[in-house]
Every structure is written in structure tokens, then in C-alpha cells.
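Colleague: Sequence below, structure please.
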Amino acid sequence: MFQATQTTVSANVLRAMAPEAPVISLTGCQQNELLRALSREELIGLFVHLDLVPLEAGKRLFDFGDKMEYAYFPTNAIVSLQYISEDGGAAEIAVVGREGVVGVSMYETERANCTAVVQTAGYGYRIKASVLREAFFSGGALAQQLMRHTSALFAQLAQTVAGVRHGSIEQRLCRWLLERLDRSLSNELKVTQEMIANMLGVRRESITCCAGKLQEEGLIEYRRGTVTVIDRDAMVRRAGGCYSQA
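Modeller: You can find the predicted model right below:
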């Protein structure tokens, strides 16, 4: 049975890290909202199993069909869950940031049903999938939070599908930017038009046209590789039914 252990950090957690890297701590873990929702006792039980790891942009945490060895609780990183077609094309199905977890595996033989790619660099807390699985089946707040997060991912997937079917490119662009803004620590997003076009499955020229219109109307400011959201409320209205804040 999964049990709480000592609060001191194990040696592997205290490995040498870059000077600019944040230091692992209970407070640091709580930068992830799912972990913050746990009781202190339950968080302490997980604490010695957590590794603070850098999540670099473009890093694949796992691919479709992989056995998921680790789960990741992002703090300031943003991870894109994608379906990769046989010809290499990618379509985003959901996005996860500091509100959740990536790579939950409820069964030992379970395989990844999508590909997880870090889209915005940052940090996250990594835990072995087997340890998280044991903690889940022990019940408590962690099990409830994981089920709630899974339900939220399904809702996000449904919204994505509905947006593709019924939303305009402009609405889908606004939703895509808002989803990242909700998970960002500032109103600046490091994204390119090519990245957005690939994730939405549309032509880059279409994104250029829509982004230009939003900039002209004062909703965003776009510089090469950076989008600054100026008027979030107007963006929400423009996204319409394609977006709903969790």
C-alpha cells in the first residue's frame, strides 16, 4: 500500500542542477495546481518520489504506443497532446499546463494513445508511473483529482472537435491562444504562425490573415515569434462557443 514517507529529499532529487533551476520543495510542488489541491500529508507521501526536471520546447515526453514510464506535473511548462498521422502531420487534441498532469497510466500494460510534446519550455515534476498508479489505487484526494483532470481533458477534446466542425479559423485561433494564456504566467506567448497553423491543421496564410485582423483591432500584438494578448475579454467574445474556461 502506498504510504507517506519522510519529508527529506532523496539523493536522486538533490542531484546537481543548473544554478538557474528552481529548487525542489513542497512549496515548489504546489506551483502545479493538481498537487496543490492535495492535503499536506498526501503531498508529503508523493514528495520523495518527485524529480524536478527541465522541460525543453520540442521535447517529446512520449509517443503514441509507448509504454508510459513517467508522469509529469508541469509548473510553468505547457505540453501539447497531439495525434501524429502516418505522413508526419500533427493535430493537437488537448493542452496541459500547471493545472494538470501528463502521462497518467492506470494499468501496467497501458500504452500512450497520443504523443506529448513540450510546446512552452519550463519545468515540471516527474514521477514514475508505477508510483503514481499505486497512489491512485490507494484512494484519497489524489485519485479524485486525477479523475477530475481526466474528465476535463475529455471535455477539452470534445470542444476541440466541435471547434473543427463548427468554428471559423478566427474562432479556433482565439481559442488556441486563450488556452495557452490560461496556462501562462504572463500575457506573452512564444509561438510562431507556422506552429499555430500546424496545430490547427490550416494554411499558414489563413493564420497570418486572422492574426493581422486581431492585431489591427487591438486584441493582440504580434512580433516575430511572440504574441502578446492585449484584450483577453474581447478574445473570449471573439472565440464564441469554441472556448470555455475550465
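
Colleague: Leu35 contacts Leu132, correct?
Modeller: No - taking contacts as CB atoms under 8 Å, Leu35 lies outside contact range of Leu132: 11.4 Å. (C-beta placed from N, C-alpha, C; glycine too.)

Colleague: Can you report how many residues lie near the residue lying closest to Gly225 once chain neighbours are set aside?
Modeller: Using CB to CB, 6 or more residues apart in numbering and skipping the chain neighbours, the partner closest in space to Gly225 is Thr192 (5.6 Å). By other CB atoms under 10 Å, the residues close to Thr192 number 14.

Colleague: gap between Thr192 and Gly167?
Modeller: As judged by CB to CB, to the nearest Å, Thr192 and Gly167 stand 21 Å apart.

Colleague: Repeat that for Tyr125.
Modeller: Tyr125 is 34 Å from Gly167, where distance means CB to CB.

Colleague: what does Ile196 give?
Modeller: Going from Ile196 to Gly167 by CB to CB gives 14 Å.

Colleague: Counting neighbours, go ahead and name the busier of those two.
Modeller: Shown here are Ile196 and Gly167; by other CB under 10 Å, Ile196 has more neighbours (24 against 21).

Colleague: need the contact list for the more buried one.
Modeller: Applying CB atoms under 8 Å, 6 or more residues apart in numbering, we find Ile196 in contact with Leu173, Trp176, Ile207.

Colleague: For PyMOL, write a command that selects the buried ones of these.
Modeller: Of these, the buried ones go into a single PyMOL selection, burial set by 16 or more other CB atoms under 10 Å:
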select buried, resi 173+176+207
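
Colleague: In JSON lines, list the contacts of Ile196 along with distance to Thr150.
Modeller: Below are the contacts of Ile196 laid out as JSON lines (distance: CB to CB, whole Å):
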{"residue": "Leu173", "distance to Thr150": "27"}
{"residue": "Trp176", "distance to Thr150": "22"}
{"residue": "Ile207", "distance to Thr150": "31"}
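
Colleague: any idea which of the contacts of Ile196 is the one closest to Val101?
Modeller: Closest approach to Val101 among the contacts of Ile196 (CB to CB): Trp176, at 21.4 Å.

Colleague: The residue positioned nearest the centre of the chain bridge partners, please.
Modeller: The residue lying closest to the centre of the chain (CA atoms, centre = their mean) is Val96, at 1.9 Å. On the basis of DSSP bridges, Val96 takes part in beta bridges with Val79.

Colleague: Please identify the buried residues of stretch 106-123?
Modeller: Buried positions in stretch 106-123, judged by neighbour count with 16+ other CB under 10 Å: Ala112, Cys114, Thr115, Ala116, Val117, Val118, Gln119, Thr120, Gly122, Tyr123.
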